[in-house]
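Participant: Sequence and predicted structure are below.
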Amino acid sequence: MSDFTEIHKSGPVIDVAHLQRMAGDDKNLMLEVLGIFRQQAEMWEKLLSPDTPTPDFMVAAHTIKGSAKSIGAWELGEICARAEEEARSRQLSRDEKFVWREQILQTLDAATTEIANVEHKLNMELLKG
């Protein structure tokens with residue numbers, strides 16, 4: 001079983017500078033990407049059920065990892081990468097999937113909260129013109 005110790009944050013929940021680079025500093029595109037991420041986050045909780053077969057759990061973790069890295073949610077991406085590697089290496093027990101799910105969802109919740117803050121700031125900047 002993997003070491004489930006918490007990953008220490010090395011920076012912001014969302015790396016806005018990374019997001020700006022990826023979107024070519026287009027605020028509307030940044031808002032669109034963040035909105036898509038938020039919508040997908042609702043679906044991911046279902047995909048991470050402890051009853052999900054390990055190969056499907058691995059695909060869910062991989063999917064979240066890629067999306068997280070695209071918006072600069074490094075901590076979420078790292079946790080998902082670790083869960084993906086565990087699931088790739090062997091069958092996970094229901095309890096192990098539950099622990100990974102809780103870590104991923106806790107970090108995902110922090111990311112979606114930060115996304116709301118970033119979206120607010122971007123919308124305010126767009127309103128100012």
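Facilitator: Structure received. All figures in this text were calculated on a predicted structure; none of them were measured in a lab. Residues are numbered from 1 along each chain as shown.

Participant: how about Ile14, what does it touch?
Facilitator: Residues near Ile14 by CB atoms under 8 Å, 6 or more residues apart in numbering: Ile71, Gly72, Ala73, Ala111, Glu114, Ile115, Val118. For the C-beta atoms, the positions are set from N, CA and C on the backbone; glycine is no exception.

Participant: try it again with 6 Å
Facilitator: Gly72, Ala73, Glu114, Val118 (CB atoms under 6 Å, 6 or more residues apart in numbering).

Participant: Name the member of these with the most neighbours.
Facilitator: Ala73 (29 neighbours; other CB atoms under 10 Å).

Participant: That residue is in contact with Ala111, isn't it?
Facilitator: Yes. Ala73 is within contact range of Ala111, at 4.5 Å (criterion: CB atoms under 6 Å).

Participant: Mind checking which of the contacts of Ile14 are in strands?
Facilitator: Using DSSP state E, no member of the contacts of Ile14 falls in strands.
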